[in-house]
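Participant: okay, predicted coordinates and the sequence, questions at the end:
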Protein chains: 2
Amino acid sequence: MAAAGEIRELTVDLGDRSYPIYIGSGLHAKSGEYFKRLGLPAGSPLLLVTDASVHGLYADRIKQSLQDAGYQVAVSVVPSGESSKSLTQLDALVADALTGGLDRKSTVVALGGGVVGDLAGFLAAVYMRGVRFVQMPTTILAHDSSVGGKTAVNHSLAKNIIGAFHQPEAVLYDLDALVSLPMREVRSGLSEVIKHGLIWDAAFVDWCEENAERLLALDPDALGYALYEGCKVKSIVVSRDERENDLRAILNLGHTIGHALEAAAGYGELLHGEAIAIGMVGSARLAARFGYGDDIAIRTEAIFRKFGLPVRIPAHLAADEIMKAMQHDKKFSEGSMVFVVPTSIGSVEIRRDVSASWVREIVEGLTEEA
Amino acid sequence: MAAAGEIRELTVDLGDRSYPIYIGSGLHAKSGEYFKRLGLPAGSPLLLVTDASVHGLYADRIKQSLQDAGYQVAVSVVPSGESSKSLTQLDALVADALTGGLDRKSTVVALGGGVVGDLAGFLAAVYMRGVRFVQMPTTILAHDSSVGGKTAVNHSLAKNIIGAFHQPEAVLYDLDALVSLPMREVRSGLSEVIKHGLIWDAAFVDWCEENAERLLALDPDALGYALYEGCKVKSIVVSRDERENDLRAILNLGHTIGHALEAAAGYGELLHGEAIAIGMVGSARLAARFGYGDDIAIRTEAIFRKFGLPVRIPAHLAADEIMKAMQHDKKFSEGSMVFVVPTSIGSVEIRRDVSASWVREIVEGLTEEA
Ligand SMILES: NC(=O)c1ccc[n+]([C@@H]2O[C@H](COP(=O)([O-])OP(=O)(O)OC[C@H]3O[C@@H](n4cnc5c(N)ncnc54)[C@H](O)[C@@H]3O)[C@@H](O)[C@H]2O)c1
Ligand SMILES: NC(=O)c1ccc[n+]([C@@H]2O[C@H](COP(=O)([O-])OP(=O)(O)OC[C@H]3O[C@@H](n4cnc5c(N)ncnc54)[C@H](O)[C@@H]3O)[C@@H](O)[C@H]2O)c1
Ligand SMILES: [Zn+2]
Ligand SMILES: [Zn+2]
């Protein structure tokens, strides 16, 4: 365990696209310093993209620090929430980038949760066919979304369907910014932290379970450690398979059902971490079908309950709608159904032989009584 | 000179992203054969994207050939013209791709001119964060746009500002499809062919000038040779600098002024090749300012006149508007003005020290009297 106030550091290993992740307190006020150390050109304007909730809390301090270091900074504020991950918002941000004078040497900065990270990252991927960007996550969930270079916006027919692989120059993760997070967002974010344990590291799952109260209370030391471990699993996986040809798909544990739930509920009703918590319970039940034992599902459910996360599908979501939403999910390959399935706590496998009727039975079994 | 009916072949050399260009007669009817030889998966649906003019002429034959080879083919038709290079059309194509069942192993096929190529290429770059695509150009201009992997759509404030580098799996160029091209499009396309001579190959410029009549009459042998040589220059340059870090910028000869003219006139009034013909005359005049002699401008202008291309800016375009449009052009770097300037016929250099007042004088000097 690191001393309070320490900056934890990790590297995402991707050859000439490698980049550092910094996790700790007080990073926002030092943004300018970090940007200079990273070699980000000060001769071209930056665009700081954030959302309406985060803007009032943290943007000014960062802008000031960047300006003190000699950067010219334009700021774009998008509405809070998933609906900002759209081509419409992309269009508006391109206008802001143009009027802000951003050129090919400019940097886009994403200050916010996964929504801002995915949207601003996609902007950076396509503006002038690609400029630099830096992730400054402000949610727990964004420990996941800010690492690995997946960027995207949604289409009315499917989530994250329009996107690009575009790695950031760095991830600057200021723990101090997490104190303003609504409790429901805290739980939702911890769901992805636990996911990283479930796919890779049984000991870390144990640690999370033992430290649930400290994590929910945002104890800085517990939180710093959990985010470091979560980012570490993500980094290792991404380093070995940047473009999701094989291994990287394990990060989708719980996401096939989770994304379908988000879509069926209408984006926004269920938080991402809530939806995938339910999805992970579903995947664990699928494991039993493949003969891996009921205990995985029982333990998985118990962990999420301990964190106050949902483990059942709300009664008003129809199985038909959920199954239909799954048809559009990218995790279908050549018609067959692909699922990440736990083989024990801390390890998973990718199954391409999952029958839709099993999935339907599991979805129905997980749905609350009306 | 190749025998009539011969298929000319070139390779764009980009390591594991290398791909072939086939130029010749009768290729549309053999699309299915080529797709299979290229190893494009038949287990996932294809999306053939084309525009309203091209659709009625050539889509059926290609669709038939692909189906005969075992491919499932969905077809999307966009309106003809530059205005289809938009996020709105992208959104519609993503819907078509989803309802057509396209997955990560699918291929997008661009059948049309540069508009369809750029739009469908960008779709392929971002759909599910990138799928395969094949270019089937049907204009002369598209010998340029189909090679090199630059894809993009326009924003209301700037052309090609939203895009990606995404190389095709192959370019299938059927010369037979060019006979239906309107004469103005023929001239416009030949403008980019000549550009490739002007930046790289003086002997090819001589050849173009000598064979102007045959080219304008679409003599298949002359045309096949010219497109082969044009694609060859483009391929060599792209192979050496895929992402436009330095050398590739020479392909932008005439484009800084050209794009500004297109924007100022409102996309559609001036064809792309027309706008850059004027732009190349402008760049040649800039060469004189750098002491390279008046003869470059005189010869450049004479060549374009011989091909019936415009060499003057229409009187109703205000210099102010043109200069303003240049501010948004990607070829500005850190505020200074960058231009590709000929040093002789067949060679160019990139100048970063071009003063805006010189450019303005040249723009004014090139504008027709009202
Ligand atoms: N790219 C990836 O690899 C990846 C991985 C996982 C999730 N995601 C995406 O991430 C998104 C979800 O991310 P999220 O949960 O961070 O959502 P979010 O960005 O919408 O943030 C959640 C809410 O918290 C608010 N907020 C953010 N930071 C705050 C702070 N410090 N204090 C107070 N309020 C704050 C936001 O305004 C928002 O209302 C989804 O769109 C999902 O698809 C992407
Ligand atoms: N990506 C690149 O590297 C690159 C390079 C150069 C130009 N471009 C882009 O290319 C576009 C211009 O390309 P274009 O000139 O081919 O325009 P285009 O695609 O609009 O085609 C020109 C016109 O000819 C019609 N047409 C096409 N093929 C035809 C055929 N065989 N018979 C009859 N009509 C036909 C089209 O419907 C259209 O009306 C511009 O958007 C430009 O930005 C891109
Ligand atoms: Zn997730
Ligand atoms: Zn061009």
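Facilitator: Received, thanks. Numbers count the residues shown, from 1 in each chain, chains lettered A, B, ... in the order given. Ligands and ions are numbered 1, 2, ... in the order given.

Participant: now A:Asn245: how far from ligand 2?
Facilitator: Separation of A:Asn245 from ligand 2 (Cβ to the nearest ligand atom, to the nearest Å): 27 Å. C-betas here are computed from N, CA, C, even on glycine.

Participant: tell me who's in contact with that residue.
Facilitator: Counting by Cβ atoms under 8 Å, 6 or more residues apart in numbering or on different chains, A:Asn245 touches no other residue.

Participant: now it: phi and psi?
Facilitator: The phi and psi torsions at A:Asn245 (degrees, to the nearest 10) take the values phi -80, psi -30.

Participant: repeat that for A:Leu271.
Facilitator: Here the main-chain torsion angles of A:Leu271 (degrees, to the nearest 10) amount to phi -70, psi 160.

Participant: quick check: it touching A:Val186?
Facilitator: No. The pair A:Leu271 / A:Val186 is not scored as a contact, 10.5 Å apart, by Cβ atoms under 8 Å.

Participant: does stretch A:44-52 come close to ligand 1?
Facilitator: Yes. Applying Cβ under 6 Å from any ligand atom, one finds stretch A:44-52 in contact with ligand 1 at A:Asp51.

Participant: and that stretch, average pLDDT?
Facilitator: Stretch A:44-52 comes out with an average pLDDT of 98.

Participant: buried ones in it?
Facilitator: By neighbour count on 16 or more other Cβ atoms under 10 Å in any protein chain shown, the buried set for stretch A:44-52 is A:44-51.

Participant: over to stretch A:64-81?
Facilitator: For stretch A:64-81, the neighbour count (16+ other Cβ under 10 Å) marks A:65-66, A:69, A:71, A:73-78, A:80 as buried.

Participant: those residues: which two are farthest apart?
Facilitator: Farthest-apart pair in these is A:Ala69 and A:Ser80; separation 28.0 Å (Cβ to Cβ).

Participant: which residues touch the residue nearest to A:Lys105 when sequence neighbours are not counted?
Facilitator: Nearest residue to A:Lys105, sequence neighbours excluded (Cβ to Cβ, 6 or more residues apart in numbering or on different chains): A:Ser44, at 4.2 Å. A:Ser44 is in contact with A:101-107, B:334, counting by Cβ under 8 Å, 6+ apart.

Participant: dihedrals phi and psi, A:Pro20?
Facilitator: The phi/psi pair for A:Pro20 (degrees, to the nearest 10) reads phi -90, psi 150.

Participant: okay, and the beta partners of it?
Facilitator: Beta-bridge partners of A:Pro20, counted by DSSP bridges, are A:Thr11.

Participant: I'd guessed it sits against A:Pro168; true?
Facilitator: No. With contact defined as Cβ under 8 Å, A:Pro20 does not count as touching A:Pro168 (9.9 Å).

Participant: tell me which of those two has more neighbours.
Facilitator: Legend: neighbour count by other Cβ atoms under 10 Å in any protein chain shown for A:Pro20 and A:Pro168, higher for A:Pro168 (29 against 16).

Participant: what pLDDT is listed against that one?
Facilitator: What the model reports as pLDDT for A:Pro168 is 98.

Participant: now the one 4 residues further on
Facilitator: Listed pLDDT for A:Leu172 reads 98.

Participant: quick one: contacts for it?
Facilitator: Applying Cβ under 8 Å, 6+ apart, the residues near A:Leu172 are A:22, A:27-28, A:31, A:34, A:134-136.

Participant: of all the residues you listed, which two lie farthest apart?
Facilitator: Farthest pair in those (Cβ to Cβ) is A:His28 and A:Gln135. Separation: 13.1 Å.

Participant: among the buried residues of stretch A:64-81, which lie within strands?
Facilitator: Those of the buried residues of stretch A:64-81 mapping onto strands are A:73-78, per DSSP state E.

Participant: closest to B:Lys195 out of these?
Facilitator: The shortest approach to B:Lys195 among these belongs to A:Ala74, at 35.0 Å (Cβ to Cβ).

Participant: break chain A down into its structural domains.
Facilitator: According to automatic domain parsing, chain A comprises the domains A:8-180, A:183-368.

Participant: tell me which of those is the most buried.
Facilitator: domain A:8-180 (a mean of 21; mean count of other Cβ atoms under 10 Å in any protein chain shown).

Participant: is it anywhere near ligand 2?
Facilitator: No. Domain A:8-180 is not in contact with ligand 2 by Cβ under 6 Å from any ligand atom; minimum separation 10.1 Å.

Participant: chain center to that domain: distance?
Facilitator: Chain-centre distance of domain A:8-180: 13 Å, with Cα atoms, centre = their mean, to the nearest Å.

Participant: what ranges does chain A have for its strands?
Facilitator: Under the criterion DSSP E, chain A contains strands at A:8-12, A:19-24, A:46-51, A:73-78, A:107-112, A:132-137, A:150-155, A:158-165, A:170-174, A:332-333, A:336-337, A:339-344, A:347-351.

Participant: and chain A, which residues reach chain B?
Facilitator: Where chain A comes near chain B, counting by Cβ under 8 Å from any Cβ of the partner chain, the residues are A:41, A:43-44, A:87, A:90-91, A:94-95, A:98-99, A:101, A:103-105, A:125-130, A:150, A:152, A:155-158, A:161-165, A:328, A:330, A:332-335.

Participant: just the ones of those residues in helices?
Facilitator: The helices, defined by DSSP state H, take in A:87, A:90-91, A:94-95, A:98-99, A:125-126 from the residues of chain A next to chain B.

Participant: biggest separation within those residues, which pair?
Facilitator: Largest pairwise distance in those, by Cβ to Cβ, is 20.1 Å, between A:Thr99 and A:Ala125.

Participant: anything in the longest helix along chain A sitting right up against ligand 1?
Facilitator: Determined from DSSP H, the single longest helix within chain A is helix A:220-240. No. Using Cβ under 6 Å from any ligand atom, helix A:220-240 stays clear of ligand 1, with a minimum separation of 8.3 Å.

Participant: could you export that helix as CSV, CA atoms only?
Facilitator: Coordinates of each C-alpha in helix A:220-240 appear next as CSV, following Å, rounded to 0.1, in the frame of the first residue of the first chain:
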residue,chain,number,x,y,z
PRO,A,220,-8.0,7.9,-0.7
ASP,A,221,-5.6,5.2,0.0
ALA,A,222,-7.9,2.3,-0.8
LEU,A,223,-9.2,4.1,-3.8
GLY,A,224,-5.8,4.9,-5.2
TYR,A,225,-4.8,1.2,-4.8
ALA,A,226,-8.0,-0.1,-6.4
LEU,A,227,-7.7,2.2,-9.4
TYR,A,228,-4.1,1.4,-9.8
GLU,A,229,-4.8,-2.3,-9.8
GLY,A,230,-7.8,-1.9,-12.1
CYS,A,231,-5.8,0.2,-14.6
LYS,A,232,-3.0,-2.3,-14.3
VAL,A,233,-5.1,-5.2,-15.5
LYS,A,234,-6.5,-3.1,-18.3
SER,A,235,-3.0,-2.0,-19.4
ILE,A,236,-1.7,-5.5,-19.5
VAL,A,237,-4.6,-6.8,-21.5
VAL,A,238,-4.5,-3.8,-23.9
SER,A,239,-0.7,-4.1,-24.3
ARG,A,240,-1.0,-7.7,-25.5
